[in-house]
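Peer 1: Build me a model from this:
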Amino acid sequence: MVAEGRDVVSFGAGEPDFPTPEHIVEAAARAAADPANHHYTANVGLPALRSAIRDYTRSYSGVDIEESQILVTNGAKQAIFQTFAALLDPGDEALLPAPHWVTYPSGIELAGGRAVSVTTRMEEGFKVDVDALERHRTERTKLLVFVSPSNPTGAVYTAEEARAIGEWARDNGVWVVTDEIYQRLVYDEDEAAPSIAAVTEGLDDVVMINGVAKSFAMTGWRVGWMIGPPDIVGAAARHQSHATGNVNNVAQMAAVEAIMGPQETVLAMREAFDKRRQKIVSMLTGAPGVDCAEPAGAFYVFPSVRGLLNDSYPTAEALAEGLLEEAGIAVVPGASFGAPGFIRLSYALSDADLERGVARMLDMFGRL
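Peer 2: Residues are numbered from 1 along each chain as shown. This is a model prediction of the structure:
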């Protein structure tokens, strides 16, 4: 539609709208000029990056790890897929709190497992609790996917909530796969997103997923990592050696600079996202037929539009299509995340586009 000259405001992108910070790009340029980076390197990741990840994990997740527990991957998505492949046997069940990112169920199924959705409610902050997990646990339950902050809801678990879930998993022999990709994007300075691995004593069966994509505006550089017990990481590394081999060396060196270099740009982006978060929530709050909770992290709002559904738009998917065709607004329907009746809006777009797009959206809603 854009190519045809249509004016479309997209709230669909799951990535920062900022360019990668200049000091990171400069580090990549230096790396590209170094012949050492023109050849195959260790499949598990460059020593400099694995060392940096160890220190970064200690600083921001509060977990002490060894470099032997780290595998550098082509983005966090590859880390997630390989973790599922290493842990799941055919028929194993993975508990997946919903709403959830679209890749998790597919990754579980590709590994031969079965994704078991555990529905959460907006009224409860889109957060799962131990009682709900226990109701869905069976003798085939192998792992729990734990995400804080969450895509698509922006939900953030407190230390107490994360600890209770971690202790439940530990006591029941359930692995925890914790995706911490949004951990630096939490807006209450007094309430960071604590790592479930850090707050739960004795939680050894855990794999931590992270990367540079979201906090450093580096989605296109494709550098992520998984951290876990050496046997699980070793299995994933053997898988990766046959699938892709080492991650791009230039991108790896850029990631070293991202996580070990100046952090002011991370704080500046978070401040910009926070202002947009407050703006979009204020604009959506009180709109007829819309119910929008304030997210605590990430860069998404996930409002219910069930009050707008009618004969013309019986589902959120139909409403999303109508928004695109009639109002030039792109959103992602909630069914993609296991939550019919909702839509996801990313506020990783310019302030002007955000205000213009939401105003156009509300105008259409007012005519339904």
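Peer 1: Show me where the chain has its strands.
Peer 2: Along the chain, counting by DSSP state E, strands occupy 9-10, 70-73, 93-98, 114-119, 141-147, 175-179, 206-211, 224-227, 300-301, 329-330, 332-333, 343-346.
Peer 1: Buried residues, the longest helix anywhere in the chain. List them.
Peer 2: Ranked by number of residues, the top helix in the chain under DSSP state H is helix 264-284. Judged by neighbour count using 16 or more other CB atoms under 10 Å, the buried positions of helix 264-284 are 265-266, 269-270, 272-274, 276-277, 280-281, 283-284. C-beta: built from backbone N, CA, C; applies to glycine.
Peer 1: what about that helix, average pLDDT?
Peer 2: Per-residue confidence for helix 264-284 averages out to 97 on the pLDDT scale.
Peer 1: do you know how far E189 is from Y300?
Peer 2: In this structure, E189 lies at 20 Å from Y300, with CB to CB, to the nearest Å as the measure.
Peer 1: sorry, that was for L345
Peer 2: As judged by CB to CB, L345 and Y300 stand 7 Å apart.
Peer 1: Now for the two: what residues contact both?
Peer 2: Common neighbours of L345 and Y300 (criterion: CB atoms under 8 Å, 6 or more residues apart in numbering): none identified.
Peer 1: hmm, back to that, from the buried residues of helix 264-284, which is closest to A32?
Peer 2: Comparing those against A32 with CB to CB picks out T265 as the nearest, at 21.0 Å.
Peer 1: For the closest one, which non-adjacent residue is spatially closest?
Peer 2: Counting by CB to CB, 6 or more residues apart in numbering, the nearest residue to T265 once its immediate chain neighbours are dropped is P21, at 4.1 Å.
Peer 1: ok so, going back, which helices and strands sit right next to the longest helix of the chain?
Peer 2: Applying 3 or more CB pairs under 8 Å, 6 or more residues apart in numbering; DSSP states H and E, one finds that helix 264-284 contacts strand 300-301, helix 351-366.
Peer 1: before we move on, back to that, and E189 and Y300? Which one has more around it.
Peer 2: Per other CB atoms under 10 Å, whichever of E189 and Y300 has more neighbours is Y300, with 25 against 7.
Peer 1: and the more buried one, how far is that from L267?
Peer 2: From Y300 across to L267, the span is 20 Å (CB to CB).
Peer 1: Correct me if wrong: R277 contacts S346.
Peer 2: No: no contact is recorded between R277 and S346 when judged using CB atoms under 8 Å, the distance being 10.8 Å.
Peer 1: Common neighbours of those two, please.
Peer 2: If you check R277 and S346 against CB under 8 Å, 6+ apart, the residues they both contact are F299.
Peer 1: Among the helices and strands packed on helix 264-284, which one carries the weakest average confidence?
Peer 2: Sorting these by mean pLDDT places helix 351-366 lowest, at a mean of 95.
Peer 1: and that helix with helix 264-284, angle?
Peer 2: Relative orientation of helix 351-366 versus helix 264-284 (axes from the mean of the first three to the mean of the last three CA atoms, to 10 degrees): 20 degrees.
Peer 1: what packs against helix 351-366?
Peer 2: Packing partners of helix 351-366 (3+ CB pairs under 8 Å, 6+ apart): strand 9-10, helix 264-284, strand 329-330.
Peer 1: Adding distance to R238 as columns, could you present the ones you listed in CSV?
Peer 2: Formatted as CSV, the helices and strands packed on helix 351-366 follow (distance: least, CB to CB, whole Å):
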stretch, distance to R238
strand 9-10, 39
helix 264-284, 34
strand 329-330, 40
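Peer 1: And these: which comes nearest P90?
Peer 2: Smallest distance to P90 across the helices and strands packed on helix 351-366 (CB to CB): 37.7 Å, for strand 329-330.
Peer 1: Show which residues not belonging to the closest one make contact with it.
Peer 2: Counting contacts by CB under 8 Å, 6+ apart, the residues touching strand 329-330 from outside are 8-12, 323-324, 357, 360-361, 364.
Peer 1: List buried residues within these.
Peer 2: Among the contacts of strand 329-330, those buried by neighbour count (16+ other CB under 10 Å) are 9-12, 323-324, 357, 360-361, 364.
Peer 1: from the buried residues of helix 264-284, which two are the most distant?
Peer 2: Checking the buried residues of helix 264-284 against each other with CB to CB, the farthest-apart pair comes out as T265 and L284, at 28.4 Å.
Peer 1: For the nearest residue to G173 once chain neighbours are set aside, the count of nearby residues, please.
Peer 2: Counting by CB to CB, 6+ apart, the nearest residue to G173 once its immediate chain neighbours are dropped is D205, at 7.4 Å. A count of neighbours around D205, defined by other CB under 10 Å, yields 18.
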